[in-house]
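Chemist: Here is my input, please return the structure:
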Amino acid sequence: GALVIVLLACALVLGRQAMAEYLEVPAVRVPAVMGYPLTQAVQLLAEAGLTYQGAEALLDPASGYQRRDLSVPPGTVIAQTPPPGQKVKLGRMVRLTISELSAVVAVPSVVGRTVDQAERLLAEAGLAAGRRTSTHSDAPAQEVIAQEPPAGAVLSKGSTIALLVSQGPWQRFTVVPALEGLTRPAAEAVLRLVGLTMPEAEERYDPTKPLGSVLEQSLPPGTRLSPGTPISLVINQNAGFGWITVPDLEGLSRDQAQQLLEGLGLRAEQTGTERSSRFARNLVLSQTERAGLAVRPGSTVHFVVNDYRGAPPPQTQVTVDYTETAPLGRVTMEILDFNGKRQEDLGALTAGQRVNRQLTVRGEYSIKLLRDGVLVRQFPIGP
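Modeler: Numbering: from 1, shown residues only. Presented below is the predicted three-dimensional model:
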């Protein structure tokens, strides 16, 4: 009989412990939700296994769960009870207080309105016109063509709306580009690009300037003209002899140099080889007739080819940063390093356009920027 009583007592104790463990609710820490929008705060509470007082009570202005605070967007949680970090039972309700919703308005659309109409609409909605930016467009002058924030956004009363206002269409004119120093084909291409024309050019000879280049233009760069206006040019020519300008061969391969010279009506002759670590093997190291020299057709241009057989120099990363200053021009970048001469076409640039390039070069290098074939900037030789 005593044994039965002992067994019943043990079963009762174990049963109570099991029931206590079953009924015990685990504790969780309250997350920090202040500063979050209401929807995000509710999600954080749900992820922690907690609840809140409900949207109906929270969004009722008379419930006391809203407080005016213009330092944060409307509907932002500005207080919570219990505070962040406190341990509470799973499923506990956390009371939230949010910034007042009654002081918000929906932004009206003012695109397509005049500035005066837009300001009136914004004022009627409890808002104001803020920063105003203007630009040319197909819309009439003084018409709003964009707004920020857009229509439909919810803001506090008294907020400002930035407006982008049309200045009307661009006037139909073009600007005379700088042409002096360009070759005639390059000058013609630039004039076509800006909508101007060139009648038959006058020819004059100036031994100090490259043959075939523009010596003068009838109107100075920057002049505003109607499209189609003709521009007269003076081209450097010597009709009696037909001189040819010797090109720069440095850094070209032997075959490239020969093809270039023969294409200009000149002859190519290699006079020997030398060894220099400046260029790779089989690249032109020097030339006897300097680049830019005027010679007669059929003349021979002599050059020396590199026979370097050593290890190549290390690579270097360089940055080319250039901002165009001319009204318009086609810019080419010419890179000369151990691997020879190469070019990169940067395209037609207008004043104010910026080019930033990261280049990998090997050994000594030089970088030239040419606008329509004319040198405009040369970066220092390095390293």
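Chemist: From P84, how far out is the spatially closest residue to L38 that is not a sequence neighbour?
Modeler: Once flanking residues are discounted, L38 sits nearest to G75: 5.0 Å by C-beta to C-beta, 6 or more residues apart in numbering. Bear in mind the C-beta positions are built from the backbone N, C-alpha and C, glycine included. Per C-beta to C-beta, to the nearest Å, G75 is found 19 Å from P84.
Chemist: For the residue nearest to L38, grab the count of nearby residues.
Modeler: When neighbours are counted by other C-beta atoms under 10 Å, G75 registers 19.
Chemist: Next: S137.
Modeler: 17.
Chemist: Tell me, what's the model's pLDDT at it?
Modeler: Listed pLDDT for S137 reads 80.
Chemist: Please report how far the nearest residue to it once chain neighbours are set aside lies from G195.
Modeler: Among residues not flanking S137 along the chain, S166 sits closest, at 4.5 Å (C-beta to C-beta, 6+ apart). S166 is 24 Å from G195, where distance means C-beta to C-beta.
Chemist: out of these two, which sits in the busier spot?
Modeler: Using other C-beta under 10 Å as the criterion, S166 and G195 rank with S166 on top: 19 against 15.
Chemist: what are the bridge partners for that one, then?
Modeler: As for beta bridges, S166 partners with T135 under DSSP bridges.
Chemist: re earlier: residues in contact with the residue nearest to S137?
Modeler: S166 sits next to S134, T135, H136, S137, A139, P140, A141, Q142, E143, V144, I145 when contact means C-beta atoms under 8 Å, 6 or more residues apart in numbering.
Chemist: Now, of those, which are buried?
Modeler: Buried by 16 or more other C-beta atoms under 10 Å: S137, A139, Q142, E143, V144, I145, out of the contacts of S166.
Chemist: distance of the third one from S159?
Modeler: If you measure Q142 against S159 using C-beta to C-beta, the figure is 23 Å.
Chemist: Might one say that T135 is in contact with P169?
Modeler: No: between T135 and P169 there is no contact under C-beta atoms under 8 Å: 11.2 Å.
Chemist: what are the ranges of the helices in the stretch 251-383 of the chain?
Modeler: In the stretch 251-383 of the chain, the segments counted as helices under DSSP state H, counting those that start in this stretch are 254-263.
Chemist: the strands in it, which residues?
Modeler: With DSSP state E, counting those that start in this stretch as the criterion, the stretch 251-383 of the chain has strands at 267-274, 284-287, 294-295, 300-306, 315-323, 328-337, 340-350, 354-362, 365-371, 374-382.
Chemist: Could you say which one of those strands comes nearest to S99?
Modeler: Within the strands of the stretch 251-383 of the chain, the stretch nearest S99 is strand 354-362; the backing value is 43.5 Å (C-beta to C-beta).
Chemist: Check which helices and strands the closest one sits against.
Modeler: Applying 3 or more C-beta pairs under 8 Å, 6 or more residues apart in numbering; DSSP states H and E, one finds that strand 354-362 makes contact with strand 315-323, strand 328-337, strand 340-350.
Chemist: related to what we said a few turns ago, just flag the most distant two among the contacts of S166.
Modeler: The distance between the two most remote of the contacts of S166 (C-beta to C-beta) is 14.5 Å, for H136 and V144.
Chemist: Could you point out the helix or strand that follows the least confident helix or strand in the chain by mean pLDDT?
Modeler: Across the helices and strands of the chain, mean confidence by mean pLDDT, DSSP states H and E is lowest for helix 2-23: a mean of 53. Once helix 2-23 ends, the next helix or strand along the chain (criterion: DSSP states H and E) is strand 27-29.
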